[in-house]
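Asks: Need coordinates for the below:
(2 chains)
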2 protein chains.
Amino acid sequence: MQQERCSSSDRPLDPGGLLSCDAERSAARLGCAAVDFPVAVVLPAGGSGERMGLPTPKQFCTILNRPLISYTIQAFERLSWIVTVVVVVATENHDLMLNIARKYNHTKVKVVHGGTTRHRSIFNGLQAFSNTTDSLTPKPKVVIIHDAVRPFVEEDLLLKITLAAKEQGASGAIRPLVSTVIATTSEGYLDHSLERAKYRASEMPQGFLYDIIFQAYQQCSEFDFEFGTECLHLALQYCGTNAKLIEGPPTLWKVTYKRDLAAAEAIIKETLSMSACIIAGAGAEAVELAKMLQKNLNMMETDVISCAKESNTEYLSKTQNFIHISMSGSNFSGVPEMVKRFEDIGHTRLYPLVVVWVQLNMTKQSVDSQKTDELTAFMGLASEVIQGNVLLYGIEINHSKVIFLMSYHYIC
Amino acid sequence: MQQERCSSSDRPLDPGGLLSCDAERSAARLGCAAVDFPVAVVLPAGGSGERMGLPTPKQFCTILNRPLISYTIQAFERLSWIVTVVVVVATENHDLMLNIARKYNHTKVKVVHGGTTRHRSIFNGLQAFSNTTDSLTPKPKVVIIHDAVRPFVEEDLLLKITLAAKEQGASGAIRPLVSTVIATTSEGYLDHSLERAKYRASEMPQGFLYDIIFQAYQQCSEFDFEFGTECLHLALQYCGTNAKLIEGPPTLWKVTYKRDLAAAEAIIKETLSMSACIIAGAGAEAVELAKMLQKNLNMMETDVISCAKESNTEYLSKTQNFIHISMSGSNFSGVPEMVKRFEDIGHTRLYPLVVVWVQLNMTKQSVDSQKTDELTAFMGLASEVIQGNVLLYGIEINHSKVIFLMSYHYIC
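Replies: Numbering: from 1, shown residues only, chains lettered A, B, ... in the order given. Have a look, this model is predicted:
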């Protein structure tokens, strides 16, 4: 059965239904078996962010009021085939991390304490699975190691990394080198330069059979723990495992310097604008229109959800565009409530929220004076909410014609 | 004589006077001789920007409406000891580049055509000096090679590079590696990884004795021209010159991907806001106040210039803050004209312009009704110009008291 993006039935859909399609659909795209074994993630986040020159460690720097690490966690949590995300933080950031997990509803996260180096932190993260019968942290078959400060990781790549790790024992994302790499003499002169085409930059994510990487860490030396920077190297050196290298997209980059926060914000804003949440009210025609709209908006990432009050605000972190398709008798009645919910969260101060209220009017009759009052009220509401950076539009689709409503008062 | 930033006399200063202090003051800071030999720059800008995935080559992508390459050129042109900037562009971009040079008043620029690879383009650039008696392009002693897409290059580093090049024959900026570098097998597996601490990323700017790098290019092979990426390597291989390597700041980075444009914009906006242009009107007290203000604004980059109409707009590319100190008889009379000049250029649509009009009133008399009219007029003007994103403030300093004027109508 061909699957569209979770619009395969006439019932209004719940957000959960959205996610379970992902693995099968992506796997179908890759032409290989779905991930039918437990996969977990270890996110070392114990760094101090020295290179950024800011007092806040970079993983906790906020973008649009939300800590960078939360975006990274979300990139993993949205995939149904990832069971646990172990976040490794410095002890002094333990409570901060728990608060972040609570505030942004990171239900798959387990927080553990880090070590003095990245390797030590990762090993601590891996040990979260080895010595517990906690059902939240079942021992995974494959473990993905990533960085808290690489928020833009795509499902396609994660699948490739995971499946290659299961098959080869280890895998890692690579990127071409952007600068020539040179070796220096002890006095600070050029010794020799490397041929750029022969080498690659080792990035994240990396994937390992849990048993292999755990064994490698059990066997590696103090020098490795203290000075090592490469997990793939440990798997090779201590387990004889040759990692499969997979070319990744430019978006894998690590937020390292202050300018990277600006770049990340630009990307996040662009993602928010290039997506939409279509809310289908009760009624077969509303659902039908929602599905058609999704099909036609094929340049954007769209989710279709049912008209359930609580679920809307989850999507605020995924998109800034909401299209509400309503068939209820009294026009536009749900709008003030919806807008208020958004305003309460405060996102609208950081980027505009776009709400398109689509009213389906299937009755043949229309009472003109009542309609005029309603239109006026709607226009008034639009002029009001724009002060709070909510752009409200209305489309009324009568059984015979379409009316567009927009507020004409804008402040750029 | 101790030099302050060009405020060493009582005369109103001309912009030219600003620049000639730089080399001596910077050299004084470094404790070494000033640059008393001709230095030129070659900026290869012939690339197509494939990695950016945009139709426009990245060096011509605009930030705040201004092409990236223009910011880079300005970073060199503002230094008095740099004589010529040779910009090497693809033939189809020749006219575009000439237009940019004209529009942004890049008087030191010479445009030449590029080759099919970076090395070929650089060699073309170097040849601009070798076969002409054109006084614009005298043969330099030291030539700096940089990238059009690295706009944030500081004078300190350029001096170090230049002086090291004169002494050693070649020099280059380096940065620590951010990722582990690995070698791959032909089948795409990990072969070995390099110890990150033993290597560096070779960046720009690089400096060479002109004769050395020219000779290296004359002798290098077709393979070098076609596949080489490292000028320092050529100097080593063909002239036996060991380059002195100089650690550079994080801001040397190359705009490579689309996200880098956002990062560059953030940095440029921050620079514009952390600087000010103080315009001293005619009169000893105005100049005195300007100098005192400059001394007190020591957290910011400030320039003090005379009240010359044409010069103001040059500084629009350096700062968004203008402090005009006036002593003329009729208060605030120059304001509308000044604001209009700024609005005509159009910068104010991209970031707010801040104008602080300081009126020095040394007379003991004040005609109250006239003053009230003037204040009202000023407030009215402020309310008007804010629509065009100009934030206008007024400070009146009477011989006995200070009055602050601000418009209370703001739109965020």
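Asks: got the CA positions of the longest helix along chain A in PDB?
Replies: Criterion DSSP state H: the longest helix present in chain A is helix A:368-385. Only the C-alpha atoms of helix A:368-385 are listed here, as PDB (Å, rounded to 0.1, in the frame of the first residue of the first chain):
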ATOM      1  CA  ASP A 368     -25.900  38.800   4.700                       C
ATOM      2  CA  SER A 369     -26.000  41.000   7.700                       C
ATOM      3  CA  GLN A 370     -24.700  38.400  10.000                       C
ATOM      4  CA  LYS A 371     -21.900  37.700   7.600                       C
ATOM      5  CA  THR A 372     -21.000  41.400   7.400                       C
ATOM      6  CA  ASP A 373     -20.800  41.500  11.200                       C
ATOM      7  CA  GLU A 374     -18.600  38.400  11.300                       C
ATOM      8  CA  LEU A 375     -16.300  39.700   8.600                       C
ATOM      9  CA  THR A 376     -15.900  43.000  10.400                       C
ATOM     10  CA  ALA A 377     -15.100  41.200  13.600                       C
ATOM     11  CA  PHE A 378     -12.500  39.000  11.900                       C
ATOM     12  CA  MET A 379     -10.800  42.000  10.300                       C
ATOM     13  CA  GLY A 380     -10.800  43.700  13.700                       C
ATOM     14  CA  LEU A 381      -9.300  40.600  15.300                       C
ATOM     15  CA  ALA A 382      -6.600  40.500  12.600                       C
ATOM     16  CA  SER A 383      -5.700  44.200  13.200                       C
ATOM     17  CA  GLU A 384      -5.400  43.500  16.900                       C
ATOM     18  CA  VAL A 385      -3.300  40.300  16.900                       C
END
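Asks: is any part of that helix close to chain B?
Replies: No - interface with chain B: helix A:368-385 contributes nothing (CB under 8 Å from any CB of the partner chain), its closest point being 15.3 Å away. Heads up, the C-betas are built off the backbone N, CA and C, glycines and all.
Asks: what mean pLDDT would you report for that helix?
Replies: Here helix A:368-385 scores 80 as its mean pLDDT.
Asks: buried ones in the next helix or strand after it?
Replies: Remark: after helix A:368-385, the chain's next helix or strand is strand A:390-398, criterion DSSP states H and E. Residues of strand A:390-398 classed as buried: A:390, A:391, A:392, A:393, A:394, A:395, A:396, A:397 (neighbour count, 16 or more other CB atoms under 10 Å in any protein chain shown).
Asks: Give me the helices and strands touching strand A:390-398, please.
Replies: helix A:335-345, strand A:353-361, helix A:368-385, strand A:402-406 (3 or more CB pairs under 8 Å, 6 or more residues apart in numbering or on different chains; DSSP states H and E).
Asks: Per the annotation, how does chain A divide into domains?
Replies: A:35-180+A:194-267, A:274-411 (automatic domain parsing).
Asks: Distance from the chain centre to the last one, please.
Replies: Spelled out, it's domain A:274-411. When C-alpha coordinates are averaged (CA atoms, centre = their mean, to the nearest Å), domain A:274-411 and its chain have centres 24 Å apart.
Asks: quick check: longest strand of chain A.
Replies: Secondary structure of chain A read by DSSP state E shows that its longest strand is strand A:199-209.
Asks: any bit of it sitting next to chain B?
Replies: Yes - if you take CB under 8 Å from any CB as the test, strand A:199-209 does meet chain B, through A:199, A:200, A:201, A:202, A:203.
Asks: Please render those residues as TSV that adds distance to residue B:36 and neighbour count to the earlier fields.
Replies: Formatted as TSV, the residues of strand A:199-209 next to chain B follow (distance: CB to CB, whole Å; neighbours: other CB atoms under 10 Å in any protein chain shown):
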residue	distance to residue B:36	neighbour count
A:199	42	21
A:200	45	23
A:201	42	22
A:202	46	26
A:203	47	23
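Asks: Spell out the residue ranges of the helices in the stretch 201-350 of chain A.
Replies: Taking DSSP state H, counting those that start in this stretch to define them, one finds helices in the stretch 201-350 of chain A at A:210-219, A:222-227, A:231-239, A:258-273, A:284-296, A:335-345.
Asks: how about the ones you listed in TSV, adding distance to chain B, mean neighbour count and mean pLDDT?
Replies: Formatted as TSV, the helices of the stretch 201-350 of chain A follow (distance: least, CB to the nearest CB, whole Å; neighbours: other CB atoms under 10 Å in any protein chain shown; pLDDT from 0 to 100):
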stretch	distance to chain B	mean neighbour count	mean pLDDT
helix A:210-219	13	19	97
helix A:222-227	8	13	94
helix A:231-239	5	23	95
helix A:258-273	3	20	88
helix A:284-296	25	17	87
helix A:335-345	16	16	73
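Asks: Identify whichever of the ones you listed lies nearest to residue B:267.
Replies: Each of the helices of the stretch 201-350 of chain A has some distance to residue B:267 by CB to CB; the shortest is helix A:258-273, at 5.8 Å.
Asks: so who does residue A:241 touch?
Replies: A:168, A:169, A:170, A:212, A:216, A:235 (CB atoms under 8 Å, 6 or more residues apart in numbering or on different chains).
Asks: The same query, at a cut-off of 6 Å, please.
Replies: By CB atoms under 6 Å, 6 or more residues apart in numbering or on different chains, the residues touching residue A:241 are A:169, A:170, A:212, A:235.
Asks: how far away is it from residue A:77?
Replies: 28 Å (CB to CB, to the nearest Å).
Asks: quick revisit: which of the residues in the longest helix of chain A are buried?
Replies: A:374, A:375, A:378, A:379, A:381, A:382, A:385.
Asks: tell me the contacts of the last one?
Replies: Shown here is residue A:385, whose contacts under the criterion CB under 6 Å, 6+ apart are A:339, A:392.
Asks: Nothing else from me, thank you.
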